[in-house]
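In: only the shape, not the letters, is given here:
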């Protein structure tokens, strides 16, 4: 299965096109390092939470919106080598100034726990980040594998859950603080790809009433999960 590098960042709303252009350039660079796909998703329907949410995850400022992104690699080794190459690569520096505050970007590497469906060009994406006890890895995998077919049945193209593997703490922001991670927990980075927002909305109207889709508090704390709906900006 693929290895996922996940990102969450805050981008000024007025820099949307600049960000699209920068991400499109970056896609070719990541491909040269062995990546098989890069997907950038722009905030569409991202709710505020009582305890955690995408806004607090990156200390969002006025005029900024959250962006949910990932890069796919064929395996962990390819991603690790890519990370080493980027550290001192002049081609990386040549991309110029980023149209967002990179110091507040959060990122990490994730083992693919399960990947159901097919790759395509989604018209809409659900992004989720959850804190899960390390001891519950197999229980979380089982729950995810049970729920994924229901999502596919109602129109989802692909369901992927990633398990925290190389998720570093940050000085200002990180995945751990994003979901108030506790001792003995790790991060799950998950996404659902949909053909369109309309199919997404219709599906969740039904799925929210299905008891099989309810979070299991014995497996993970859904109250600290951050989630939202995003529109693909770049998919290469």
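Out: Now that the structure is in, tell me what you want to look at. Please read these numbers as outputs of a predicted model, since none were measured by experiment.

In: what stretches of the chain score poorly on pLDDT?
Out: For the chain, residues meeting the criterion pLDDT under 70 lie at 91-96.

In: can you give me the strands for it?
Out: 3-12, 37-45, 64-73, 106-117, 124-133, 158-166, 185-194, 226-235 (DSSP state E).

In: CSV for those strands, including mean neighbour count?
Out: Just so you know, the C-beta spots here come from the backbone N, C-alpha and C atoms, and that holds for glycine as well. CSV is the format used below for the strands of the chain (neighbours: other Cβ atoms under 10 Å):
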stretch, mean neighbour count
strand 3-12, 23
strand 37-45, 21
strand 64-73, 23
strand 106-117, 20
strand 124-133, 23
strand 158-166, 22
strand 185-194, 24
strand 226-235, 20
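
In: out of the ones you listed, flag the one nearest residue 219.
Out: strand 124-133 (7.3 Å; Cβ to Cβ).

In: what strands line up against that closest one, and which way round?
Out: strand 185-194 (antiparallel), strand 226-235 (antiparallel) (DSSP bridges).

In: make a markdown table out of these and add distance to residue 220.
Out: Shown next, in a markdown table, are those (distance: least, Cβ to Cβ, whole Å):
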| stretch | distance to residue 220 |
| --- | --- |
| strand 185-194 | 7 |
| strand 226-235 | 13 |
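
In: right, and these - which one's nearest residue 73?
Out: strand 185-194 (13.7 Å).

In: also compute the angle for the closest one relative to strand 106-117, please.
Out: For strand 185-194 against strand 106-117, the angle by axes from the mean of the first three to the mean of the last three Cα atoms, to 10 degrees is 50 degrees.

In: the residue lying farthest from the centre of the chain and residue 29, how far apart?
Out: Here the chain reaches farthest from its C-alpha mean at residue 90, the gap being 27.3 Å by Cα atoms, centre = their mean. Distance, residue 90 to residue 29, by Cβ to Cβ, to the nearest Å: 12 Å.

In: ok, residue 186 to residue 152 distance?
Out: Going from residue 186 to residue 152 by Cβ to Cβ gives 26 Å.

In: wait, doesn't residue 11 sit right on residue 64?
Out: Yes. Here residue 11 reaches residue 64: they are 6.2 Å apart, a contact under Cβ atoms under 8 Å.
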